[in-house]
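**Student:** Predicted model and sequence below, questions to follow.
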Amino acid sequence: MTQRQTAPFADLPDPNTKDGTPRKTGVEIEFGALDERKSAEIVQDCLGGTINEKDAHSFRVEGSEIGTVKVYLDTAFRKDADSKIAELGLDIGRVVVPVEIVTDPLEDMGPLNDLVTALRDAGAEGSGAGLLYGYGVHFNPEVAAMSVEHIVPIAKAYALTEDFLRDVWPIDPSRHLLPFTDRYPTTYLDAIAGVDFPSLDAFMEAYLNTTPSRNRGLDLLPLLRAYDEEAFVAKLGNKPSVSARPTWHFRLPDCRIDEADWSLAKEWRRWVFVEKLAAQPKMLAELEEEWRAYRKTLLETRSDWVERVRPIVSGLAEEVLGDV
């Protein structure tokens, strides 16, 4: 195992669930240039455990210091890789299809920084290494409570500052070409800004009516399905791609694993910023009022919206994100 380094992750403003247990976060990391077996071996070297091979393109490192870690080629092809044609498709797909590492829900994400360093040292490539490398990182923080009081402010905080966050830490051009983390549509922001939702049911209806897509930076479909399976299926049908999970599914725009100054701990600050903003109702209300004023204009663009957001959140952004 590699020698442990310290790389602390910022604390959430509400670190526990309503039951008093620590909130856990699952992490998904996508990258290229390393195959699945080599990646699993690096996980084992860093975190311990035993490698179990499910098939030629899918491994599990079990019993590591952070639990079970899945390592696989992230494509539907691997499920049907029993034929030579399917295997050929997988080999060709390696040019653009990432290897993905998926963790159990973690109370401490610290060990992942050392894993990222080891993958980088072994030659892992990120989004910037190729025009079609649509690699990303997903954080899946457990919700503190499945309630309108917890869910709606955080959902609003992200939606109203999504453009600002992308301006502060710009997206790699490759992600602009691929529909993995499209921005929320203005119709969704119009449906939530300044609205006092009486229940989570009402918010769920507004969300599913305006942005029923998984291709969002903050994908709420797994959370909403976990909240009300029956209502979800009635509205969108039984979508096999959406697993019910009481977590936020925060999809970072890109993964820059091959850049020396990039880290998961740094990227995690984006989500901490969102939750801290949600915990400041006056600031959030000001953003909502500003959005409604912005939408009354006819000539302003989304980049103009960024400049409206900046003076409202600059103090918090500097505190959490650094110099902006």
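**Tutor:** Now that the structure is in, tell me what you want to look at.
**Student:** Could I get the CA-only coordinates of stretch 307-317 as PDB?
**Tutor:** What follows is stretch 307-317, C-alpha atoms only, in PDB (Å, rounded to 0.1, in the frame of the first residue of the first chain):
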ATOM      1  CA  GLU A 307     -22.400  39.100 -13.400                       C
ATOM      2  CA  ARG A 308     -25.600  39.500 -11.500                       C
ATOM      3  CA  VAL A 309     -24.800  36.600  -9.300                       C
ATOM      4  CA  ARG A 310     -21.200  37.500  -8.600                       C
ATOM      5  CA  PRO A 311     -21.600  40.500  -6.200                       C
ATOM      6  CA  ILE A 312     -24.300  38.600  -4.200                       C
ATOM      7  CA  VAL A 313     -22.200  35.500  -3.500                       C
ATOM      8  CA  SER A 314     -18.600  36.800  -3.900                       C
ATOM      9  CA  GLY A 315     -17.900  36.700  -0.100                       C
ATOM     10  CA  LEU A 316     -19.100  33.200   0.300                       C
ATOM     11  CA  ALA A 317     -17.400  32.100  -2.900                       C
END
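**Student:** Show me the contact partners of it.
**Tutor:** Contact partners of stretch 307-317, identified using Cβ atoms under 8 Å, 6 or more residues apart in numbering, comprise 160-161, 163-164, 168, 273, 276-277, 280, 283, 286-287, 290, 294, 324. C-beta: built from backbone N, CA, C; applies to glycine.
**Student:** Try it again at 10 Å.
**Tutor:** Residues lying outside stretch 307-317 but in contact with it, judged by Cβ atoms under 10 Å, 6 or more residues apart in numbering, are 157, 160-165, 167-168, 269, 273, 276-277, 279-280, 283-284, 286-287, 289-291, 293-294, 300-301, 320-321, 323-324.
**Student:** again, but for stretch 38-45
**Tutor:** Residues from elsewhere that reach stretch 38-45 (Cβ under 10 Å, 6+ apart): 1-2, 29, 31, 33-35, 49-53, 58-64, 66, 69-73, 99-101, 103, 115, 118-119, 121-124.
**Student:** Let me see the ranges of the strands in the stretch 101-250 of the chain.
**Tutor:** For the stretch 101-250 of the chain, applying DSSP state E, counting those that start in this stretch gives strands covering 137-141, 218-219, 249-251.
**Student:** what would these look like in JSON lines with mean pLDDT, distance to Arg308 and mean neighbour count?
**Tutor:** Conversion of these to JSON lines gives the following (pLDDT from 0 to 100; distance: least, Cβ to Cβ, whole Å; neighbours: other Cβ atoms under 10 Å):
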{"stretch": "strand 137-141", "mean pLDDT": "96", "distance to Arg308": "27", "mean neighbour count": "22"}
{"stretch": "strand 218-219", "mean pLDDT": "96", "distance to Arg308": "20", "mean neighbour count": "20"}
{"stretch": "strand 249-251", "mean pLDDT": "95", "distance to Arg308": "23", "mean neighbour count": "21"}
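**Student:** Give me the buried subset of the contacts of stretch 38-45.
**Tutor:** Buried residues within the contacts of stretch 38-45, defined by neighbour count using 16 or more other Cβ atoms under 10 Å: 29, 31, 33-34, 49, 51, 58-61, 64, 66, 69-73, 99-101, 103, 115, 118-119, 124.
**Student:** if we can go back for a sec, would you turn the strands of the stretch 101-250 of the chain into a markdown table with distance to Ala260?
**Tutor:** Rendered in a markdown table, the data for the strands of the stretch 101-250 of the chain read as follows (distance: least, Cβ to Cβ, whole Å):
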| stretch | distance to Ala260 |
| --- | --- |
| strand 137-141 | 17 |
| strand 218-219 | 28 |
| strand 249-251 | 24 |
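**Student:** ok so, going back, okay, and which of the contacts of stretch 307-317 map to helices?
**Tutor:** Among the contacts of stretch 307-317, the residues falling in helices (DSSP state H) are 157, 160-165, 167-168, 269, 273, 276-277, 283-284, 286-287, 289-291, 293-294, 320-321.
**Student:** Buried among these? Make that a PyMOL selection.
**Tutor:** In PyMOL syntax, the buried subset of the ones in helices among the contacts of stretch 307-317 is picked out as below (16+ other Cβ under 10 Å):
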select buried, resi 157+160+161+162+163+164+165+167+168+269+273+276+277+283+284+286+287+290+291+294+320+321
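**Student:** Give me the mean pLDDT for stretch 285-297.
**Tutor:** Confidence for stretch 285-297, expressed as mean pLDDT, is 96.
**Student:** just stretch 57-70 next, same as before
**Tutor:** Taken as a whole, stretch 57-70 carries a mean pLDDT of 97.
**Student:** so how far is the strand or helix carrying Ile51 off the chain centroid?
**Tutor:** Counting by DSSP states H and E, the element that carries Ile51 is strand 50-55. When C-alpha coordinates are averaged (Cα atoms, centre = their mean, to the nearest Å), strand 50-55 and its chain have centres 26 Å apart.
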